[in-house]
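> need coordinates for the below:
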Amino acid sequence: MELSRKVAVVTGSTSGIGLAMAANFARLGAQVVLNGLGDDTLISTAKAAISDVSDKAAHYNNADMRDADAIAAMIADVESRFGAVDILVNNAGIQHVTRIEEFPRGRWDDIIAINLSSAFHTTAAALPGMQKRDFGRIINIASAHGLIGSVGKSAYVAAKHGIVGLTKVTALENAEQQITCNAICPGWVRTPLVEIQIRALAEEKGLDIEAAAKALLASKEPSLRFTTPQQLADTAAFLCSEAASNMTGTTLSMDGGWTAQ
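Predicted structure coming up:
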């Protein structure tokens, strides 16, 4: 598979899953647009990761995923600069874990804005161009928590369930065109977000970091293995291939059996 004539926008792509996906698209020939938080060093490192696998320099846009106007401006800038948004990966996300009655209102608002509303705004901005060109691949990074719940994660679970619903509606509204929308639902992936939870568990239980990581896996994931960012990146690439051209509105679980229980 090659994506040499495609432009891919990946939100939340300065590290972790998003950067792995962006690098994979770049390796396959796509022009990649990065977006996400980070200082100059982190952004430079992310750009370098793209340069390592492609002769097309990554473009970076610092749009705040809580700001609908900034998101629309980002999509407009990409279309003006590169002519299209062919592939859109909605990956930006944050997390906070506490019981509902203790959940800070501002954290709820930010999680819903970044994990759910941003995907609506990017999709709404990118769809007219995709419809005009009769091509688009929209990939929403949901979670096992888009299919089931967990204690302490009300905002995250609500947002990820919303992402699954948004995926279905986007797919149905564009089913007659060559535009697909699918959601990938990872289980535990050892990203910075998950590392925070591992450290919290280690402190709570008096464990070392690796023992806490194993305990975290054992609590949910029968395979006892983390899904890797590269596995998710390869799945995203598959969803952009001809083999997946009639796959739309689906959720693909990569969770080591978590949601099979």
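> who's in contact with the helix or strand in which Ile43 is found?
Assessed by DSSP states H and E, Ile43 sits inside helix 40-51. With C-beta atoms under 8 Å, 6 or more residues apart in numbering as the test, helix 40-51 has contacts from 13-15, 19, 22-23, 26, 32, 34, 36, 38, 56-58, 60. Heads up, the C-betas are built off the backbone N, CA and C, glycines and all.
> show me the beta-bridge partners of the closest residue to Ile87 other than its chain neighbours.
Spatial nearest neighbour of Ile87, chain neighbours left out: Ala8 (3.9 Å); criterion: C-beta to C-beta, 6 or more residues apart in numbering. Beta-bridge partners for Ala8, by DSSP bridges, are Val32, Ile87.
> what's the spacing between Ala8 and Ala49?
Computed as C-beta to C-beta, to the nearest Å, the Ala8 to Ala49 distance reads 14 Å.
> swap in Ala243?
For Ala243, the distance to Ala49 - C-beta to C-beta - is 27 Å.
> please say which of the two ends up with more neighbours.
Set side by side, Ala243 and Ala49 give different neighbour counts by other C-beta atoms under 10 Å, the larger being at Ala49 (21 against 10).
> and that one, what pLDDT?
pLDDT recorded at Ala49 is 98.
> what about it, distance to Ala58?
8 Å.
> got it, and Asn140?
For Asn140, the distance to Ala58 - C-beta to C-beta - is 21 Å.
> so where do the strands sit in the stretch 51-200 of the chain?
Remark: strands assigned in the stretch 51-200 of the chain by DSSP state E, counting those that start in this stretch are 59-61, 87-90, 136-141, 179-186.
> that older thread, need the contact list for the residue nearest to Ile87.
Contacts for Ala8 (C-beta under 8 Å, 6+ apart) come out as Ala22, Phe25, Ala30, Gln31, Val32, Val33, Asp86, Ile87, Leu88, Val89.
> if you set the cut-off to 6 Å instead, what comes out?
Phe25, Ala30, Val32, Ile87 (C-beta atoms under 6 Å, 6 or more residues apart in numbering).
> please apply the same query to Thr122.
Thr122 touches Ile71, Leu88, Asn90, counting by C-beta under 6 Å, 6+ apart.
> now the most far-flung residue of the chain relative to its centre: phi and psi?
Within the chain, the residue lying farthest from the chain centre (C-alpha atoms, centre = their mean) is Gly206, at 32.0 Å. Backbone dihedrals for Gly206, given as degrees, to the nearest 10, come out at phi 70, psi 40.
> who's in contact with it?
Counting by C-beta under 6 Å, 6+ apart, Gly206 has no contacts.
> what separates it from Asp40, distance-wise?
From Gly206 to Asp40 the distance is 38 Å (C-beta to C-beta).
> do Gly16 as well
Distance from Gly16 to Asp40, by C-beta to C-beta: 18 Å.
> which one of the two has more residues nearby?
Higher neighbour count among Gly16 and Asp40: Gly16, with 21 against 7, using other C-beta under 10 Å.
> doesn't Thr191 make contact with the more buried one?
Yes. Gly16 is in contact with Thr191 according to C-beta atoms under 6 Å; the separation is 4.0 Å.
> can you list residues touching both of these two?
With C-beta under 6 Å, 6+ apart, Gly16 and Thr191 have no common neighbours.
> which residues in the chain form helices?
For the chain, the helices defined by DSSP state H cover 16-27, 40-51, 68-82, 105-112, 118-133, 154-173, 192-205, 209-220, 229-239.
> now those helices as CSV including distance to Met1?
Formatted as CSV, the helices of the chain follow (distance: least, C-beta to C-beta, whole Å):
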stretch, distance to Met1
helix 16-27, 11
helix 40-51, 18
helix 68-82, 20
helix 105-112, 34
helix 118-133, 19
helix 154-173, 21
helix 192-205, 29
helix 209-220, 31
helix 229-239, 7
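> worst mean pLDDT among the ones you listed?
Taking the mean pLDDT of these, helix 192-205 comes last: a mean of 90.
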